[in-house]
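Q: Quick one: sequence plus predicted model below, questions after.
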Amino acid sequence: MGRPSTPLLSRDAIAMAALHLVDRTGGFTIAQVAAALGVRPSSLYNHLSSKDEIVEAMRSFVFREGGFEAGDSGTWDQTVRALLRRYRECFARHPRLIPLVTAYTVSSPEVMGMYEELAETLSAAGVQNGQLLDVITMCDSVVLGAALDLAAPAEVWAVDQARSPALIAAIQQAGSGRQRSDRAFDLALDILIAGIANLADEG
């Protein structure tokens, strides 16, 4: 009898195994990833040497899985809208990954490429360098919050527990599911773009 074969390991294979764990439980350990791949933990270190690197490999994989490609989409506001919409869709598939990736420094090439295009676009629109990261952070907050919102239950607020007439009416008229979430995200982008335009004008 020959020796049992060892599964082929790669950055993507490790990222996918870790991502499956995160999707199910919200976290992972190197031992769990190794067990899922049927190898010893030491085998992973030939490809990814730390948990930080596995998180970045997952971040990179999610962008490529979502078909994220940077590229000029027209005017600066059209480019920003297109970037943020694609960004949201990538993480909407894996909402449990969001709290994990926000705890680690971004370094994956695909994601850095998106931030670089966003920075160049905002800078060309007139946002000053001193406020550029503030605006990018605001974009992050809107997108990741909107991605989490897509994972919310169809009925987010219990209307039978509401007491305010304004809130009751709002819940009843809001609709549910993806339609409500998309409409809220569109509104957030409108407000975000308008705010950035005002900031650029003031600069």
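A: Great, that's in hand.
Q: Next, count neighbours for the closest residue to residue 152 other than its chain neighbours.
A: Among residues not flanking residue 152 along the chain, residue 181 sits closest, at 7.3 Å (C-beta to C-beta, 6 or more residues apart in numbering). (C-beta placed from N, C-alpha, C; glycine too.) Neighbour count of residue 181, defined by other C-beta atoms under 10 Å: 22.
Q: So for whichever strand or helix holds residue 181, mean pLDDT?
A: Per DSSP states H and E, residue 181 falls inside helix 177-202. In this model, helix 177-202 has an average pLDDT of 92.
Q: Looks like the residue nearest to residue 152 contacts residue 153 (just checking).
A: No. If you go by C-beta atoms under 8 Å, residue 181 and residue 153 don't touch, sitting 11.2 Å apart.
Q: Strands of the protein, residue ranges please.
A: Ranges of strands within the chain: none, based on DSSP state E.
Q: Point out where it drops to low pLDDT.
A: 1-7, 68-73, 203 (pLDDT under 70).
Q: could you redo the last one with a cut-off of 80?
A: The model of the chain has pLDDT under 80 over residues 1-8, 66-73, 176, 203.
Q: Distance-wise, check the residue positioned nearest the centre of the chain relative to residue 85.
A: Closest residue to the average C-alpha location of the chain: residue 91 at 3.6 Å, with C-alpha atoms, centre = their mean. Noted for residue 91: a distance of 12 Å to residue 85, by C-beta to C-beta, to the nearest Å.
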